[in-house]
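Q: give the three-dimensional model of this entry:
(one chain, ligands or ions: 1)
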Amino acid sequence: MQFFLDSAITSEIEYAIDTFNIDGVTTNPRHIQVSGKPFLSVIREIAKLVEGTEKTVSVEVNPHFMTYAEMMPEAEKLAAISPNFVIKLQCVEPAFKVMEALAKKNIRVNCTLIFSAMQALQAMRSGAYFISPFIGWKETNGEDVKGFIDDIVTIRDNYDFDSQIIVAAVRNARQIVDMAVLDADIVTAGLAVYQEGIQHPYTQEGIQKFTQFWDKTKYE
Ligand code: E4P
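A: Residues are numbered from 1 along each chain as shown. Got it, this is the predicted structure:
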């Protein structure tokens with residue numbers, strides 16, 4: 001399973017690449033706003049951090065854009081900035097034709113804001129390179145997320161679609177493990193989710209105990 005970092009903070013991205021060797025980055029308008037930098041500046045900075053690698057960076061088209069005429073040139077403009085960029089399009093009717101047109105030009109799309117298997121199916125039919133079903137929001141809403149992702153993985157495999165599934169809005173390690181068991185390709189989460197996920201109180205307790213024994217023992 002690949003781990004992506006959901007962030008537009010360059011220091012976090014550098015740290016996550018160095019520490020966890022994360023496989024890619026996902027951004028959204030909230031992350032860009034939190035970075036405190038203008039959209040184009042920050043995505044260019046992120047592009048530099050992954051330059052020369054296979055790591056993808058998902059960058060989202062202006063969410064106001066709701067027509068082919070608006071989305072298409074903006075997607076092409078963003079894709080021209082970096083070969084690592086995958087263009088994020090919201091799962092709305094006009095986006096499907098844009099996905100097909102971009103796929104023909106070898107521009108990769110991440111279809112985002114997916115909350116139903118039907119949306120995922122249509123995005124895969126339209127040639128999305130990534131699809132991003134959000135589980136955190138659904139879980140907060142009391143919806144079943146394991147069945148949701150299981151259906152999407154099954155549909156993808158039934159029809160041999162090429163799309164990779166990025167499980168998004170992941171909040172904790174239990175969700176990551178659940179998604180790995182379901183054979184989802186990728187998860188994307190904030191840095192704290194990975195950091196907290198690899199901790200366990202018994203690991204800390206063990207370190208404390210073993211260092212005490214170590215300190216009472218001669219080395220040679
Ligand atoms: C995924 O690509 C999204 O950026 C992300 O997971 C959105 O969810 P959140 O902002 O609620 O974490």
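Q: near the ligand, which residues of the protein?
A: For the chain, the residues in contact with the ligand (CB under 6 Å from any ligand atom) are Asp6, Thr26, Asn28, Arg30, Thr112, Ser132, Phe134, Gly136, Ala168, Ala169, Thr188. Every residue, glycine included, has its C-beta placed from N, CA and C.
Q: which of these fall within helices?
A: Secondary structure from DSSP state H places Arg30, Gly136 of the residues of the chain next to the ligand in helices.
Q: what's the burial count for Ala79?
A: 19 (other CB atoms under 10 Å).
Q: for the residue nearest the centre of the chain, which non-adjacent residue is closest in space?
A: What sits nearest the mean C-alpha location of the chain, by CA atoms, centre = their mean, is Thr188, with 3.6 Å. Spatial nearest neighbour of Thr188, excluding adjacent residues (CB to CB, 6 or more residues apart in numbering): Phe4 at 3.9 Å.
Q: helix/strand/coil for that neighbour?
A: Reduced to three states with DSSP: H, G, I helix; E, B strand; the rest coil, the structure at Phe4 is strand.
Q: okay, now it: neighbour count?
A: 25.
Q: so what's it bridging to?
A: For Phe4, the beta-bridge partners under DSSP bridges are Gly24, Thr188.
Q: and it, what pLDDT?
A: What the model reports for Phe4 is a pLDDT of 98.
Q: that one reaches Gly24, doesn't it?
A: Yes. Contact status for Phe4 versus Gly24: in contact at 4.3 Å, counting by CB atoms under 8 Å.
Q: shared neighbours of the two, anything?
A: Residues touching both Phe4 and Gly24 (CB atoms under 8 Å, 6 or more residues apart in numbering) are Thr56, Ser58, Ile186, Thr188.
Q: report pLDDT for the third one.
A: What it means is Ile186. The confidence metric pLDDT takes the value 98 at Ile186.
Q: thank you, goodbye.
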